[in-house]
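J.: Attaching a predicted model along with its sequence, questions to come.
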Amino acid sequence: QVQLVESGGGLVKAGGSLRLSCAVSGVTFSSYSMAWFRRAPGKEREFVAAISRGSESTRYADSAEGRFTISRDNAKNTVYLQMANLKPEDTAVYYCAAGFLTMPSERSYGYWGQGTQVTVSS
């Protein structure tokens, strides 16, 4: 059974930092590209960041570039999203996803976690 379990969300003030984690089981983690998406209240889910299987390449949404860093530890079957200088508009449910391509499209990912809430207060 494939499981992606996010953690690390919470309430933080604007300008603060959070690190999200996503623990993956039930698949060969190192065979998958990993990504983070988010859904803000009343909006569609959107791409945040992605990382290739061996961390050779990363991709970021414009909104995340320079503030967020995606990384992975294949020995721990875990992907991370380090978020800095958070803004109220970063408030969303954050989802991790696993797929075979390091792409910004949801259709590239076949496995999804349940999400973790990030709330940024002004």
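T.: Looks like it came in fine. Numbers count the residues shown, from 1 in each chain.
J.: shouldn't residue 72 be in contact with residue 80?
T.: Yes: between residue 72 and residue 80 there is a contact under CB atoms under 8 Å: 6.9 Å. (C-beta placed from N, C-alpha, C; glycine too.)
J.: Neighbour count: those two, which is higher?
T.: Neighbours were counted for residue 72 and for residue 80 using other CB atoms under 10 Å; residue 72 has more, 23 against 20.
J.: Would you quantify the distance from that one to residue 58?
T.: Distance, residue 72 to residue 58, using CB to CB, to the nearest Å: 10 Å.
J.: swap in residue 76?
T.: On the measure of CB to CB, residue 76 and residue 58 end up 18 Å apart.
J.: which residues does the residue most central in space within the chain bridge with?
T.: Geometric centre of the chain, nearest residue: residue 36, 2.4 Å, by CA atoms, centre = their mean. On the basis of DSSP bridges, residue 36 is bridged to residue 49, residue 96.
J.: Same check on residue 59?
T.: With DSSP bridges as the rule, residue 59 is bridged to residue 50.
J.: What mean pLDDT does stretch 16-33 get?
T.: What stretch 16-33 shows for mean pLDDT is 97.
J.: got the buried residues for it?
T.: 18, 20, 21, 22, 23, 24, 27, 29, 32, 33 (16 or more other CB atoms under 10 Å).
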